[in-house]
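1. Got a predicted structure here, sequence first:
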Amino acid sequence: MSHVLAIDQGTTSTRAMVVDSRGRPVAQAQRELPQIFPRPGWVEHDAEEIWRATLDVMRRALGDAGIEARALAAIGITNQRETTVVWERQSGRPIHNAIVWQDRRTTEPCEALQARGLDGLIARKTGLVIDPYFSATKLAWLLDHVDGARAAAKAGQLAFGTIDSFLAWRLSGGAHVTDATNAARTMLFDIHRQDWDDELLGLFDIPRALLPAVVDSAGRAADSATDVLGAAVPIAGIAGDQQAATVGQMCLAPGTIKSTYGTGCFMLLNTGTQAVASRNRLLTTVAYRLGGTPTYAMEGAIFVAGAAIQWLRDGLKLLQSAGQSAALAATADPAAQVYLVPAFAGLGAPYWDARARGAMFGLTRDTGIAEIVRAALEAVCFQTRDLVAAMAADGAAPPVTLRVDGGLTVNDWAMQFLADMLGVPVERPVVTETTAMGAAYLAGMATGVFPGLDGLPRFWQRDRAFTPAMSADERDTRYAGWRDAVRRVRSVVEA
Ligand code: ADP
């Protein structure tokens with residue numbers, strides 16, 4: 001009973017990883033998840049396919065590890081957040097495709113809520129800004145658009161859940177649970193009282209009978225049904241992907257901070273038992289909940305991080321591979337002052353300007369591919385500094401170090417520039433699968449495979465630290481140039 005199985009159900013793929021009691025990944029399996037785009041701005045997933053993929057990767061990972069389910073101490077689940085599923089309690093069948101977090105179909109109801117001046121109420125209770133991103137308006141949309149759904153919901157025949165909840169139901173054969181980190185992304189959950197909120201449920205006309213029980217991020221939530229893996233295994237850890245990565249990076253003390261750089265970038269700052277309300281439109285969220293006590297985080301999101309490199313590669317064909325970008329950036333003219341603002345889909349935190357669009361500034365006759373590639377990598381770092389600055393403006397102490405993970409962090413050039421721009425060391429771990437590792441740690445912590453929080457940090461190993469080397473003058477001058485570039489793409493002129 002010394003291994004843990006982590007399920008990492010992401011937006012584009014489903015993975016399973018077997019982790020041993022020393023915190024080492026011993027096997028993993030992955031399957032791509034087809035994206036469904038019924039209309040512009042709509043994004044769906046087939047929840048049945050998610051379940052099939054989960055079964056497939058779990059069984060393959062166990063097979064590769066040479067382990068029977070009997071030898072598992074626990075299963076941990078981490079998942080794409082906010083994505084919304086409604087299913088029939090009797091049959092377990094989803095009534096519609098899952099509506100994915102990226103889906104913008106509920107923009108209008110969100111604007112209507114804003115017009116009613118509800119931002120303050122929702123932020124106070126949920127820590128969120130009103131946006132189609134979160135589950136509440138997606139759930140209301142399903143109840144309004146699937147025939148008979150609202151009546152069935154009122155009669156207690158339907159169940160709602162984010163992906164963690166749907167998987168826990170399927171794994172256990174009918175336990176209806178979610179953890180506090182996932183509940184915190186629904187816009188229906190009071191993060192201070194740690195309960196679903198009747199006023200918000202009323203606002204969206206959501207019957208309480210739909211909702212899962214909210215459990216700790218580590219703790220025995222249910223057991224898997226024996227026919228799923230061949231033995232009953234405790235489902236003992238659940239957390240949303242960015243929160244699991246926060247645990248995987250051992251950002252367990254107040255003031256510790258991690259950033260995940262994939263397609264976009266998510267930064268979470270652990271604020272301990274204090275839920276810090278942001279005046280700069282950062283989110284307040286639950287980092288994890290243990291023994292009924294939530295630990296909170298501030299969160300900032302950048303929409304375009306690695307996606308800018310993808311655009312240079314696939315859109316502009318300036319690169320053959322993302323991996324070339326580091327070497328190219330290193331050859332750019334150091335005196336060039338080219339700025340690329342990748343506001344392809346508007347600007348996220350702390351600007352939240354949906355109508356801003358991208359632009360490039362400072363071009364001269366000798367601007368070449370290298371300068372443009374460098375500007376794209378620098379933009380990721382400037383935006384990270386924007387988030388750190390917003391956190392500081394909300395009263396956070398400056399970070400001592402930034403822990404990073406995600407596909408872009410293999411880029412040494414970008415990581416050095418990140419350290420230079422922040423003026424703090426940037427640390428990259430040996431195991432960059434921090435999301436799956438976080439789920440494994442939570443599940444293993446609850447079942448005695450791993451020690452409690454205090455003992456966990458020794459499992460984290462540093463691959464490399466990048467130390468700031470740029471002068472403060474140069475750092476500030478370059479950052480001022482970025483701020484100026486952002487000002488020029490804003491859709492609303494700042495006073
Ligand atoms: P996601 O989980 O969002 O799909 P990943 O963590 O797999 O993302 O990271 C993929 C992203 O990282 C892509 O957007 C890609 O452009 C970027 N990327 C991968 N390698 C590099 C590199 N060497 N330099 C810069 N960006 C990179």
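-> Ah, there it is.

2. How much space separates Arg52 from Val373?
-> Counting by C-beta to C-beta, to the nearest Å, the gap from Arg52 to Val373 is 40 Å. Every C-beta, even on glycine, is put in place using the N, C-alpha and C of the backbone.

3. So those two - more neighbours on which side?
-> More neighbours sit around Val373 than around the other of Arg52 and Val373, counting by other C-beta atoms under 10 Å; the figures are 29 against 13.

4. Pull the contacting residues for the closest residue to the ligand within the stretch 151-300 of the chain.
-> Of the residues in the stretch 151-300 of the chain, the one nearest the ligand is Gly262, at a distance of 2.6 Å by C-beta to the nearest ligand atom. Applying C-beta atoms under 8 Å, 6 or more residues apart in numbering to Gly262 gives the contacts Ala305, Gly306, Gly406, Gly407, Leu408.

5. How about the backbone phi and psi for Val430?
-> For Val430, the backbone dihedrals (degrees, to the nearest 10) come out as phi -70, psi -50.

6. What count of nearby residues applies to it?
-> Val430 sits with 9 neighbouring residues when counted by other C-beta under 10 Å.

7. Please apply the same query to Ala47.
-> Counted with other C-beta under 10 Å, Ala47 comes out at 24.

8. Was I right to think it contacts Gly92?
-> No - under the criterion of C-beta atoms under 8 Å, Ala47 lies out of contact with Gly92, with a separation of 10.1 Å.

9. Secondary structure element holding the residue nearest to Arg60 when sequence neighbours are not counted?
-> Taking C-beta to C-beta, 6 or more residues apart in numbering as the measure, Arg60 lies nearest to Ala29, with 3.7 Å between them; neighbours along the chain are not counted. With elements delineated by DSSP states H and E, Ala29 resides in strand 25-32, which encompasses its position.

10. and the gap between the closest residue to Ala209 other than its chain neighbours and Leu210?
-> Leaving out its chain neighbours, the residue that sits closest to Ala209 by C-beta to C-beta, 6+ apart is Gly156, at 4.2 Å. The spacing between Gly156 and Leu210, counted by C-beta to C-beta, is 8 Å.

11. picking up where we left off before, are any of the contacts of Gly262 buried, and if so which?
-> Burial by neighbour count, judged by 16 or more other C-beta atoms under 10 Å, picks out Ala305, Gly306, Gly406, Leu408 from those.

12. Contacting the ligand as well, which ones from those?
-> If you filter the buried ones among the contacts of Gly262 for contact with the ligand, counting by C-beta under 6 Å from any ligand atom, you are left with Gly306, Gly406, Leu408.

13. wait, which of these is closest to Ser2?
-> Using C-beta to C-beta, Gly406 is the member of those that lies nearest Ser2, at 29.0 Å.

14. what does stretch 390-401 rub up against?
-> 255-257, 269, 271, 276-282, 298, 300, 349-350, 388, 422, 424-427, 465.

15. ok so, going back, what's the closest of the ones next to the ligand among the buried ones among the contacts of Gly262 to Ile163?
-> Minimum distance to Ile163 across those is 19.6 Å, recorded for Gly406 (C-beta to C-beta).

16. so the closest one sits right up against Gly264, yeah?
-> No - look at Gly406 against Gly264 with C-beta under 8 Å: they stay out of range, at 9.4 Å.

17. between those two, what contacts are shared?
-> If you check Gly406 and Gly264 against C-beta under 8 Å, 6+ apart, the residues they both contact are Ala305, Gly306.

18. if we can go back for a sec, give the contact list for the residue nearest to Arg60.
-> Neighbour list for Ala29: Arg15, Ala16, Asp56, Val57, Met58, Arg60, Ala61, Asp64 [criterion: C-beta under 8 Å, 6+ apart].

19. Now, of those residues, which are buried?
-> Arg15, Ala16, Val57, Met58, Arg60, Ala61.

20. top strand in this structure by residue count?
-> Longest strand in the chain, counting residues (DSSP state E): strand 293-302.

21. which of the residues in that strand are buried?
-> Pro294, Thr295, Tyr296, Ala297, Met298, Glu299, Gly300, Ala301, Ile302.

22. Return the list of helices and strands in contact with it.
-> Taking 3 or more C-beta pairs under 8 Å, 6 or more residues apart in numbering; DSSP states H and E as the contact definition, the neighbouring helices and strands of strand 293-302 are helix 241-248, strand 265-272, strand 283-290, helix 369-393.

23. Which one of these lies nearest to Gly127?
-> Gly127 lies closest, by C-beta to C-beta, to one member of the helices and strands packed on strand 293-302: strand 283-290, at 3.1 Å.
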